[in-house]
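Novice: here is the input, now give the coordinates:
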Amino acid sequence: MTDWTSGYVADIGYTYGYYKELNPIRGELAFLASGLAFPKISSACELGFGQGISANIHAAGSVTDWYGTDFNPSQTAFAKELAQTSGAKAHLYDDAFTEFVARTDLPEFDYIGLHGIWSWISDENRESLVNFIKQKLKVGGVLYISYNTFPGWAAFAPIRKLMTEYSDVLAVQGQGTVHRVNEAVDFVDRLLATNPNYLKSNPVIAERVKNLKDQDRNYLAHEYFNRDWLPMHFADLVEKISAAKVQYACSAHYADHVDSINLTPDQQTFLSAIPDTVFRENARDFMTNQQFRRDYFVKGARRLDPKSQADRLRALRVILVRDRSEITLKANGSLGEAVMNEAIYVPILDVINDHRVHSFHQIELAIASHGIGFFQLVQALMLLEATGCISCAQDDALVQKSKPQTDRLNSYFIKQAHVGSDFNYLASPVTGGGIAINRFSQLFLAGFQQGKKTADELALAVWAILVGQGQKIIKDGAILEETDDNIAEIKRQAEAFLEKQVKIYKNLRIVV
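Specialist: Next comes the predicted model:
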């Protein structure tokens, strides 16, 4: 009998995660900051879309034709349901990669995205993906690919191997993947408790294994327990995909573009003396102990002259997506936590604090008296995006066209919030992507749109939903048993929703 799973975990579904790096709209800033032209995106494809949350949010938030495949039919069925709900142009299949490559009804794509999947598939499937990219990515098109990498995985890779072998050899079979994952994690924990020499040589392993205990078991199963699991040096990845005629463009992780939070001055000087881009990135990964790379590649890079670069950057638009009181002006890089310069960031935040869309040029003019150079502004905005404070925004005409689609998709997600908390993102037609909104805020949105405008009204409406499901609030690790305590806590959150969040959701066009 043929195993259609090809060694991939398929008896439990992947998590309902959203990954902003897959949103083509945000790619233009990274390209322009690197001096490269970015194509207009009219057709896009996500390979290995999991539950399809990202693919559907990006399809609903744009007028782009989206395609994609995920070999798991259960996940694809759910993803297709979302697509039918939004009415967006999303064409989703349950083909294996070898089958998807052979399809004759696919267009060429301006953008192809793979999030994580590269690390979890066989060499045969990797070869199929490279062939697909070669055949279907347009000249000038962009490839986004994220993957586990070395040296960051070097110490933990043997632990992962030990867990999967325990799962295959010693775990109780017939009780499902989650049970085997629990047994394997417990085994490794007990092994490390004996203080083996491996732990003495790799002390960071203790904390990583400790973190495993608190992670979602479905996530762990898909992250660590597939038959194929291969972290890859950046140079090896480049060599593998070179047959697709793509070349490295830049990092898709915006914090990587800010050297000062990732590299010491000596490290920056050392790297600047390396002329070869690929070798320089490999060396940089050792300095940052890189574990997970998020990279953009392009088929035919076009370098812009300085004026064209600056003109296109000035036309880009952003929107503040967090309340000012929640912004700490701190950023995390490979060197640890860094404090952002108030003299630069406070004037920028003052300008965009109305939570409206602003072009880079509008911000530049508004802060002119503060002596902030234009490329200082660009780097600051990239770091604000990396910390989740702002998002890139698309043209108003595209916002209007995509809003009916995001409204329908968001209505679906909010209905699901009445029974659980699987979906913690809603789609914004302004950003063309997902905005993190937890279950209670989604329920408050539902009540707000039904005419409930006070914290008391919203709290009582949400409490009625929880009572109907036999649920209570957990605060500071303890269950609130009394009705008054539950309502008081919900009201506190509702007050914050009305004071801080509604204005943001209105400007993101999430509120219907």
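Novice: mind splitting this protein into its structural domains?
Specialist: 20-151+231-298, 157-224 (automatic domain parsing).
Novice: export those domains to TSV and tack on mean neighbour count and mean pLDDT?
Specialist: All C-beta spots, glycine's among them, are computed from the backbone N, C-alpha and C. Shown next, in TSV, are the domains of the chain (neighbours: other C-beta atoms under 10 Å; pLDDT from 0 to 100):
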stretch	mean neighbour count	mean pLDDT
domain 20-151+231-298	20	97
domain 157-224	15	88
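Novice: same list, these, but as TSV with distance to residue 402 please.
Specialist: Formatted as TSV, the domains of the chain follow (distance: least, C-beta to C-beta, whole Å):
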stretch	distance to residue 402
domain 20-151+231-298	5
domain 157-224	30
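Novice: residue 475: which of those is closest?
Specialist: domain 157-224 (18.6 Å; C-beta to C-beta).
Novice: quick check: end-to-end length of the closest one?
Specialist: 10 Å (C-alpha to C-alpha, to the nearest Å).
Novice: on that earlier part again, which among the domains of the chain is found nearest to residue 353?
Specialist: Nearest to residue 353 among the domains of the chain is domain 20-151+231-298; the distance by C-beta to C-beta comes to 20.4 Å.
Novice: ranges for the strands of the stretch 301-450 of the chain?
Specialist: 317-320, 330-333, 336-339, 358-359, 390-393, 425-428, 433-436 (DSSP state E, counting those that start in this stretch).
Novice: repeat that for the stretch 51-200 of the chain.
Specialist: Counting by DSSP E, counting those that start in this stretch, the segments of the stretch 51-200 of the chain that form strands are 65-69, 90-93, 109-115, 137-148.
Novice: what pairs with the shortest one, and is each one parallel or antiparallel?
Specialist: Taking DSSP bridges as the criterion, strand 90-93 pairs within the sheet with strand 65-69 (parallel).
Novice: quick one: the strand it pairs with to strand 109-115, angle?
Specialist: Angle, strand 65-69 to strand 109-115, by axes from the mean of the first three to the mean of the last three C-alpha atoms, to 10 degrees: 40 degrees.
Novice: contact partners of strand 65-69?
Specialist: Contact with strand 65-69 is made by 42-49, 52, 55, 58-59, 76, 79, 88-97, 100, 106-107, 109, as judged by C-beta atoms under 8 Å, 6 or more residues apart in numbering.
Novice: please save the CA atoms from it in PDB.
Specialist: C-alpha atoms of strand 65-69 as PDB (Å, rounded to 0.1, in the frame of the first residue of the first chain):
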ATOM      1  CA  ASP A  65      -5.400  35.400  -7.600                       C
ATOM      2  CA  TRP A  66      -4.200  33.000  -4.900                       C
ATOM      3  CA  TYR A  67      -3.400  29.300  -5.500                       C
ATOM      4  CA  GLY A  68      -2.000  26.700  -3.200                       C
ATOM      5  CA  THR A  69      -1.800  23.100  -2.100                       C
END
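Novice: for that strand, what is the distance to the chain centroid?
Specialist: Offset of strand 65-69 from its chain centre (C-alpha atoms, centre = their mean, to the nearest Å): 18 Å.
Novice: can you check stretch 169-177 too?
Specialist: 32 Å.
Novice: can I get the CA coordinates of it in PDB?
Specialist: The C-alpha trace of stretch 169-177 is given here as PDB (Å, rounded to 0.1, in the frame of the first residue of the first chain):
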ATOM      1  CA  VAL A 169      10.600   2.400  19.100                       C
ATOM      2  CA  LEU A 170       9.400   2.700  22.700                       C
ATOM      3  CA  ALA A 171       6.200   4.800  22.900                       C
ATOM      4  CA  VAL A 172       2.900   3.000  23.200                       C
ATOM      5  CA  GLN A 173       1.600   2.500  19.700                       C
ATOM      6  CA  GLY A 174      -2.100   2.800  18.800                       C
ATOM      7  CA  GLN A 175      -2.800   5.700  21.100                       C
ATOM      8  CA  GLY A 176      -2.200   8.500  18.600                       C
ATOM      9  CA  THR A 177       0.500  11.000  17.800                       C
END
